[in-house]
Structures are given as C-alpha cells and as structure tokens.
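1. what's the 3D shape of this:
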Amino acid sequence: MRFKKMHGLGNDFVILDQREVKGMLTNAQITAICDRNFGVGCDQLVVLGPSKDGDVFAWFYNADGSESGACGNASRCVADLAMAEMGLDLCTIETSAGLLPCRRVGDLIEVDMGPAYLEWKDIPLAHEEDTLELPIGNQEGLSNPAAVGMGNPHCVFFVDDLDDLVIEELGAIYEHHTLFPARTNVEFAQIISKTKIRQKTWERGAGVTLACGSGACAVAVAAARRELTGRKVEIELDGGTLHIEWRESDDHVLMTGSIEHVFDGVLKNI
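-> Below is the predicted model:
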C-alpha cells in the first residue's frame, strides 16, 4: 500500500489513496501506521476516497485511531495533491464535516473551512453554556475559555504568556472535560497585537502538535468574538505561520499556509 508523508507547518500526516481499494483500515492498523517508533509516524492519518460532490473525499484519523471531522493542515496537503493531479489551481475536498473549496495562492494554499459553529449543541457541549465564556477555567488558574466548532470541537484559552504553561498537563485535563462529550482540541493563545496571535495546541487524540489548522481557525474566531483582534490575523505556531480570515460576508473561515511533501513509501504487513 503506497503512501505519501506530508506536513503543514510540522503537523505531519501519512496520506493513503484508497480511491481504487475496497475496505477501510482497522483501528489497530491506523494506530500502527501513526506510531513513531514502530510505524511511519504522524500526527494524523489521512485516507483518500472517491467523492460524489467534490474532487476527492478525505477521512482524517488521529494517532489514537479516533476519527476527526476536520483537519486544516491536512486539508491543505490533500488540496495540493488534488490540484497537481488535475493540473488546476482550484479543487473541492469532501469531508465528513462538509465540502471545503481550496485554491492555490502563489506558494501557499487557501482552504475555505466553512462557517464556525458557535451554538453549544453544534460544537458539541454536554449542556447549554455561553460558548464565549465557559465556566471551567479558574480551577486550573486559567481564565474561562471560549468554545468553537470547526467540524471538530475546540476549547480556546487566552493567556498572558504561553511560556508559563505546561501544555502537556493542561491539554490532557481539558481534552477529557465532561463539558465536551466528544472530547476536544485545546488551544492556548497569547494576543500579540490586533493582527497577530501566538498559539500552542493540544490536539484531541494526538497530544501537543507543532501546528493545528482548525485550531488556528477557532482561535481567530474566538479572538474576534471577544474583540481582542479583527477578523484577519496572523497566527504564529511552533511550526510556522498561518493567515486566517473570518470572512464577514458569510462567516466562513479562510485558512492560508504552506505545505511540504516529505517522501513517498510503501506500507507492508500492517
């Protein structure tokens, strides 16, 4: 089984093209491929399939085998492959969370991640709360976070200094908070200016990653809702920079950034 290894700002993926192969991978196979010691190693596994309404269907799986409805950095990688295959600068990726229009912008790739989900049922939360300020922060010495859905759930904390936090401990606590029945990605964001944010992410099912595209979208939306920034921001992640626009005309979130193709390989005995 042939695969491609790609990354978006250090958030890395194994991409399998299953468009002409019947049957899906088991949970055990997914975790084996993602294992960095005994497998190829990646934050998420991406499986491509045929699409009825787009150019390609993409399934996203976390390193623990659980499925994610969205992955922004992986979507840019898939878009690059699809556009190169068709010889075009536009494509549409179909995902379990919906259709994602994509385009090439110079050396970067832009993905329309669709609208942000701000109602508690749509994120989802276990019960009704004000998604702009969840009453769960002070128990760990943090201010109350915001919740945003981007096809997957996000819990966004705004902090004074990212370097003062132990992300590994806090992320693990809040990923499994009872307010999030499907668990959650956890973002920690430091406002640098009205147009720039610094961010670290604990990804649901993967742990700390160098970048998270859907997380950057969630941070940008939460910051704009709290009037900490405008609707266009530059987000600095450990792996690089993403440009996010929460478009005012339709509330869609546009994410633009780079991707890299690392190598191709063949999986055996999975």
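2. CA atoms only for the helix or strand hosting residue 218, dumped as PDB, please.
-> Assigned by DSSP states H and E, residue 218 belongs to helix 213-225. C-alpha atoms of helix 213-225 as PDB (Å, rounded to 0.1, in the frame of the first residue of the first chain):
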ATOM      1  CA  GLY A 213      -5.100  24.400  11.200                       C
ATOM      2  CA  SER A 214      -8.600  24.000  12.500                       C
ATOM      3  CA  GLY A 215      -7.300  25.200  15.900                       C
ATOM      4  CA  ALA A 216      -5.900  28.300  14.400                       C
ATOM      5  CA  CYS A 217      -9.300  29.000  12.800                       C
ATOM      6  CA  ALA A 218     -11.000  28.500  16.200                       C
ATOM      7  CA  VAL A 219      -8.600  30.800  17.900                       C
ATOM      8  CA  ALA A 220      -9.100  33.500  15.300                       C
ATOM      9  CA  VAL A 221     -12.900  33.300  15.600                       C
ATOM     10  CA  ALA A 222     -12.800  33.400  19.400                       C
ATOM     11  CA  ALA A 223     -10.400  36.300  19.500                       C
ATOM     12  CA  ALA A 224     -12.600  38.300  17.100                       C
ATOM     13  CA  ARG A 225     -15.700  37.500  19.100                       C
END
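3. mean confidence for that helix?
-> Per-residue pLDDT over helix 213-225 has a mean of 97.
4. give me the pLDDT value at residue 4.
-> On pLDDT, residue 4 comes in at 97.
5. for it, which residues make a bridge with it?
-> Under the criterion DSSP bridges, residue 4 forms beta bridges with residue 15, residue 264.
6. ok, back up a step: next helix or strand past the helix holding residue 218?
-> Next along from helix 213-225, by DSSP H and E: strand 232-237.
7. strand partners of that next one, parallel vs antiparallel please.
-> Neighbouring strands of strand 232-237 in its sheet, by DSSP bridges, are strand 196-203 (parallel), strand 240-246 (antiparallel).
8. I'd like the distance from the helix holding residue 218 to the chain centre, please.
-> 11 Å (C-alpha atoms, centre = their mean, to the nearest Å).
9. cool, stretch 155-174 as well?
-> Mean-position distance between stretch 155-174 and its chain equals 17 Å (C-alpha atoms, centre = their mean).
10. now swap in stretch 18-35 and tell me
-> In terms of C-alpha atoms, centre = their mean, the centre of stretch 18-35 is found 20 Å from the chain centre.
11. now the longest helix seen in the chain: buried residues?
-> Using DSSP state H to define each element, the chain has its longest helix at helix 72-86. Neighbour-count burial for helix 72-86, counted by 16 or more other C-beta atoms under 10 Å, picks out 72, 73, 74, 75, 76, 77, 78, 79, 80, 81, 82, 83. From N, CA and C alone the C-beta is placed, and that goes for glycine too.
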